[in-house]
Structure formats: C-alpha cells, structure tokens
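# Sharing a sequence plus its predicted fold:
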Amino acid sequence: MKTVAAWLLLALLLAAPLAQAQAAPERAKKEAAAQQQLDALRTQIKAIASEQRALEGERGDATRGLREADAKVSDAVRSLRQTEAGIATQEIGLQQLEEKKTALEAGLSEQREALATLVRSAYALGRHEQLKLLLAQDKMSDLARVLAYHRYFQNDRQQRIGSLLAELQQLAQVAQQIIDQRQVLEAARLQQQTELTALETQRTERAGVLVELEKRFKDRAARLVALGRDEKSVVQLLEKLRDAVADIPRQVDDNRPFASRRGQLGRPLAGSALAAFGGKLPDGRSSDGLLIAGTAGAEVRAVAPGRVAYSDWLKGYGLLTIIDHGDGWMSLYAFNDALLKDVGDWVRAGEPLATVGSSGGQGRPALYFELRRNGQPQDPKPWLRP
C-alpha cells in the first residue's frame, strides 16, 4: 500500500510542472486577448469622446477656448504631480543612502578597533616574532602548534585589513552616490518651481478666458445655454459608454454588486457640501448630485471599484471622469483640474482619480459628484457613508 501511495505521489509531482508548462501559454493567450479587448475599448470610447466634442463645436465656439484653457491647466498639473512623485522617490533613495552610510561608518569603527587590537598584539611580539617562537620551544609538537597559531593570526590580520579597505572603498562610493542624488534632487526641485510657475500662468490665462466669457454672456440664461450641460446629450453619452463597457469582464477583487453598497460608499472628497441633490449650483443650474468644496490639487477618489469609461473634457462638467460600476450604475466626478486615470483603467474604492479644480467655467475649486443609474441621476447622500 505504501508503495502505491509513493508512486501516486511521484506521478503527481511529475505532472505538476507539466500542467504549469501547459497553463503558461494559455494564460499568455488570455492576457493578450484581454489587452486586445482593452485597446478596442479605448479606441471605441475615444471615438465617442471625439463625436461629443464635434457636437459641441457645431453648437458654437463658446466652450472651445475654455476647453483649451482647462486642458493646459490639466497638463501643467499632471506634469507637476509627476515631478513631485519623482522628488518623493528620490528623497526616499537619499534617506536609504544616508542610512547605509551611517551603518558603514559604524562597521568601520568596529573594524578599526579590532584591527588596532591585532596590531598591538603583533607589536608586542616584536619584529622577529617567528625566530623568538622557534627558540622558545623545547618540543617539536609545541613549535608546530605555535607556528600554526601564528599563521592563523597573520591571515586574520590580512583579512581584516582587506575587509577594512573594501569597506572604505564602499563608503567612498556611497558618499559619491549621496552627492549625485542630492544634485538630482536639487534639479528636480528647480523643475518643480518652474512647473509651479507655469501652472499659475495657465490658471491666470484660464481666468482671463472666463472674464471674456462673462463679458460675452452678461445674461445668466445665455451663459447657461452656452456653457451649461445638455442633459439629453449627457444621457446619450452615458448610454453609449455603458454599451461600450458592457462586455468587458471585471478585473477587480471586490465584485459585490453596486446595489449592495448603499450607505457604504466612501466619500469622493472630504469637504462641506455647497449644493445638495435637487438644490441650486452657484451658476443657477439644478444640482443632480453633490457639489463639494475642496482645495485645488486635492485628490478626488473613487467611491467604489469599477472601470474608467470616460476621462475627458465635457461641456457643463469640465474635466470629467466617469466610472462604470456595472448593472447600469455610473459615478461622475467633474470640475477637476487634472485627470489621473485613462479610459479602460480599473480602479479600486478610494483610489485617486483626479485633482480638485475649477474647470468648465467654475468660480472656485470644488468637486461636482453624481451617481447615475441607467443614465438617470440618483441622490448620492443615502449611498455615501456619513
């Protein structure tokens, strides 16, 4: 019986690598198919976005300058964020090098003390220690043992000296790396200052565009028509996006239905509500979601897992990210200064999507957040955690 069990175990062990080898090409094939599907999705949604922009262009050029100004601010914000992320990484690297230098210096101190002890011992034996040891021994066995000890002593001293020299060289290399890293960090900080200046310039130019629009549309109703959202076109856009992502399999760990998350969604931004669902937005429009006060540059986060269905500028929403959560549910994040995710990206709950801004012609930094089911606005309040 034991022999049979042993043969069975051996067969299983031999079969496992074979199964893994057979599974690898199949897994690669599935990954390639998923990537091809994702590329097709992105192409399709980009076409939808282009169609939307063309439709806006046909209705007038009032939003064209605003879209371009918002795009420049978005590019400046994204460039600045990348530089700041690089600075953070470089600072961590510099700290690690400093810690390595400290550890090397501590080790060198111990090595120096040990080597000093050996040198003092060697000096105590005198310059002709081998001859003295030979003359001092009466027996050949004692003489051989003493000479062996002496050789061990000499070898140990040479090894310690070699180790000390190697560590000194390593310390010199680390010190040079620290100098180089500090220079790179300083260059990145200078670049950061340049990008900050560019960002302020772009925001000033955008403010100028808004002033011109205010002059052009002195009447609020005319401004709303020119810059406000077209609810019919928004619903049509959401339907097209929903159809585009309907057949894409989910790739996030949390697959709970969105409907089961009522009262459990994390807030997209910490801040006070400037307009509630059904209330009035600052420009006089009715609110189909929540307008949340924020600081320019603060991170906007996904309320639940899903796939990015839209990441572009949209009339009435400015720079907008739309997340598809399945079963007809979508969340919209508008008025951003920069969009951090691309179409087709999977996001987890709490993951940064954008940065707070005032795109789309808004007067102050804030996030406009909507929940929609089959294109129809839903009151977000019952869905969000208190």
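Cool, the structure landed. Numbering: from 1, shown residues only.

# how about the strands in the chain?
Per DSSP state E, the chain carries strands over the ranges 273-275, 290-293, 299-301, 306-314, 318-326, 329-339, 346-347, 352-356, 366-373, 376-378.

# Return the list of strands paired to the longest one, each annotated with direction.
Strands that pair with strand 329-339, judged by DSSP bridges, come out as strand 318-326 (antiparallel), strand 352-356 (antiparallel), strand 366-373 (antiparallel).

# Could I have the CA atoms of it written out in PDB?
Output of strand 329-339 as PDB, limited to C-alpha atoms (Å, rounded to 0.1, in the frame of the first residue of the first chain):
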ATOM      1  CA  TRP A 329     -24.500  52.300 -12.300                       C
ATOM      2  CA  MET A 330     -22.000  55.000 -13.000                       C
ATOM      3  CA  SER A 331     -20.300  57.700 -10.900                       C
ATOM      4  CA  LEU A 332     -19.300  61.100 -12.300                       C
ATOM      5  CA  TYR A 333     -16.500  63.400 -11.000                       C
ATOM      6  CA  ALA A 334     -16.500  66.800 -12.600                       C
ATOM      7  CA  PHE A 335     -14.800  70.300 -12.500                       C
ATOM      8  CA  ASN A 336     -11.400  68.700 -12.000                       C
ATOM      9  CA  ASP A 337      -8.000  70.400 -12.700                       C
ATOM     10  CA  ALA A 338      -6.400  67.100 -13.800                       C
ATOM     11  CA  LEU A 339      -7.500  63.600 -14.700                       C
END
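
# what pLDDT, on average, does that strand get?
Summarised as a single mean, pLDDT over strand 329-339 is 94.

# what's near enough to touch residue 323?
Residue 323 makes contact with 302, 303, 304, 306, 307, 308, 309, 330, 331, 333, 347, 353, according to CB atoms under 8 Å, 6 or more residues apart in numbering. For every residue, glycine as well, the C-beta is placed using N, CA and C.

# How many residues are close by the first one?
Pointing back at residue 302 there. Applying other CB atoms under 10 Å, we find 24 other residues in the vicinity of residue 302.

# Do I have it right that it meets residue 268?
Yes. Applying CB atoms under 8 Å, one finds residue 302 in contact with residue 268, separated by 7.4 Å.

# Need the overlap of contacts for those two.
Shared contacts of residue 302 and residue 268 (CB under 8 Å, 6+ apart): residue 331.

# List phi and psi for the closest residue to residue 364 other than its chain neighbours.
Once its chain neighbours are removed from consideration, residue 364 has its nearest residue in residue 358; the separation is 6.0 Å (CB to CB, 6 or more residues apart in numbering). Recorded main-chain torsions at residue 358 are phi -140, psi 40, according to degrees, to the nearest 10.

# Can you give me the distance of residue 358 to residue 70?
Applying CB to CB, to the nearest Å, one obtains 9 Å for the distance of residue 358 from residue 70.

# any residues in contact with both of those two?
Shared contacts of residue 358 and residue 70, counting by CB under 8 Å, 6+ apart, come down to residue 318.

# Please identify which of the two sits among more neighbours.
Neighbours of residue 358 and residue 70, each counted by other CB under 10 Å, are more numerous for residue 70; the result is 27 against 23.
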